[in-house]
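S.K.: just coords:
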């Protein structure tokens, strides 16, 4: 029988991963290695930098030893290219013998690593990517970021109840954008709202200008916008250049478009934008005030929601190790992570023991000027929101 070279390569990779997972000494070590795979370059680099910064900050505050094990971080830049993510994950698992892989700036990257996590029984802690299906792709995936459904249903309901009757939608053309659009549309139209224009923009290097003209011509009451963290600044610049900020068309959506680390650079065009999201640097808790102050002191800028996803992700790993007494095999860590609850800078959060997905408060916020700076000021709270993509099943 003829065997294709690709089949031989896949078989060899699988055998290597299996060997690592079953090596007697692989887990019996004095250190716990965490492979952090992030987009440190390219269009999503602000996501990678925020998460990397937050992990470093947490370790500075809590030390680099947990349950007698030294924590080692091995950072790899995948440049938001899923093939690079897969290669990095395989190198980290096979060559570096990491105990955990973490990070994952976008959904395709998180999905690319999922089969490797399953095969090697290595936990995959998703600190950024937000499509509902991610945790279903491996029993070893746990998420500390968010899902688009959590925010999109809430902003859809809010819009319909607050005098917004006609909406044009602009979403990035990949899985999270499709999730955001679906959940918003289902809730907004069920409450009597109308979608008057619907456009999808490329994920890589998007030029929003031609799409924005279509939005303007449709004369909606508001634009529902989802672009991934890092692209909000470009979007708002072109929004203002096209005069949409003077047209009376409001910006609404999940909070990615108004990411805190870019908000001040957007200028007054962002004022009045209403978004539903998991975190704002203006969140009034003492824990968040301390987190923002420490992050600003360390890095010269305020943290955004991606930083919080990274901060909580490393916290989850630390607490799981404490719970297992330093046992770092995948099954022990995942079992320890299920059902875990704690207070985050964003508010109370937990890991759903059935779905391994995050349960968290979602806040409705409005961009306002506070002490000369732009902030997402929270004015309504929806508590303990689960991912609606799973609660419906």
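M.R.: Looks like it arrived, so ask away. Values in this document were obtained by computation on a predicted structure and should not be read as measured data. Residues are numbered from 1 along each chain as shown.

S.K.: When you work out contacts or count neighbours from here on, use the C-alpha atoms and nothing else.
M.R.: OK.

S.K.: where does the nearest residue to residue 194 once chain neighbours are set aside land on pLDDT?
M.R.: Leaving aside its sequence neighbours, residue 194 sits nearest to residue 166 (Cα to Cα, 6 or more residues apart in numbering; 4.9 Å). Reported pLDDT at residue 166 in the predicted model: 98.

S.K.: do you know how far residue 166 is from residue 199?
M.R.: Distance, residue 166 to residue 199, using Cα to Cα, to the nearest Å: 15 Å.

S.K.: Residue 93 too?
M.R.: 40 Å.

S.K.: more neighbours, those two?
M.R.: Using other Cα atoms under 10 Å, the more surrounded residue of residue 93 and residue 199 is residue 93, with 25 against 15.

S.K.: Residue ranges in the stretch 1-150 of the chain under the pLDDT threshold?
M.R.: 1-29 (pLDDT under 70).

S.K.: hmm, try it at 50
M.R.: Applying pLDDT under 50 to the stretch 1-150 of the chain flags residues 1-13, 15-16, 19-28.

S.K.: got the residue ranges for the helices in it?
M.R.: 5-22, 45-62, 82-94, 107-120, 148-161 (DSSP state H, counting those that start in this stretch).

S.K.: Roughly how far does the residue lying closest to residue 344 once chain neighbours are set aside sit from residue 122?
M.R.: Leaving aside its sequence neighbours, residue 344 sits nearest to residue 312 (Cα to Cα, 6+ apart; 6.8 Å). From residue 312 across to residue 122, the span is 19 Å (Cα to Cα).

S.K.: My guess is residue 249 contacts residue 222. True?
M.R.: Yes. Counting by Cα atoms under 8 Å, residue 222 is a contact partner of residue 249 at 4.9 Å.

S.K.: Just give the number of residues close to the residue nearest to residue 344.
M.R.: 26.

S.K.: phi, psi of it?
M.R.: phi -70, psi -30 (degrees, to the nearest 10).

S.K.: do the same with residue 354
M.R.: Torsion angles, degrees, to the nearest 10, at residue 354: phi -90, psi -40.

S.K.: on that earlier part again, more neighbours: which of residue 249 and residue 222?
M.R.: Neighbours per residue, other Cα under 10 Å: of residue 249 and residue 222, the larger number sits with residue 222, 22 against 19.

S.K.: Go ahead and confirm the more buried one touches residue 253.
M.R.: No. Residue 222 is beyond contact range of residue 253, at 9.7 Å (criterion: Cα under 8 Å).

S.K.: check contacts around residue 113.
M.R.: Residue 113 makes contact with 85, 86, 89, according to Cα atoms under 8 Å, 6 or more residues apart in numbering.

S.K.: my bad, should have said residue 224
M.R.: Residues near residue 224 by Cα under 8 Å, 6+ apart: 167, 168, 169, 170, 171, 251, 252, 253.

S.K.: Give me the neighbour count for the closest residue to residue 85 other than its chain neighbours.
M.R.: Excluding its sequence neighbours, the residue lying closest to residue 85 (Cα to Cα, 6+ apart) is residue 78, at 5.2 Å. Number of residues near residue 78 (other Cα under 10 Å) recorded here: 25.

S.K.: Distance check, residue 78 against residue 71.
M.R.: When residue 78 is compared with residue 71 (using Cα to Cα), they lie 22 Å apart.

S.K.: same thing with residue 79?
M.R.: 25 Å.

S.K.: Ok, residue 366 next?
M.R.: Residue 366 is 39 Å from residue 71, where distance means Cα to Cα.

S.K.: The two: who's more crowded?
M.R.: It is residue 366, of residue 366 and residue 71, that has more neighbours when counted by other Cα under 10 Å, with 21 against 17.

S.K.: just checking, the more buried one is part of a strand?
M.R.: Yes. Under DSSP: H, G, I helix; E, B strand; the rest coil, residue 366 sits within a strand.

S.K.: I'd like to check which residues are in contact with the nearest residue to it once chain neighbours are set aside.
M.R.: In space, and not counting its chain neighbours, residue 366 is closest to residue 274: 4.5 Å by Cα to Cα, 6+ apart. The neighbourhood of residue 274, defined by Cα under 8 Å, 6+ apart, consists of 250, 251, 252, 253, 364, 365, 366, 367.

S.K.: mind running it again at 6 Å?
M.R.: Residue 274 makes contacts with 252, 365, 366, as judged by Cα atoms under 6 Å, 6 or more residues apart in numbering.
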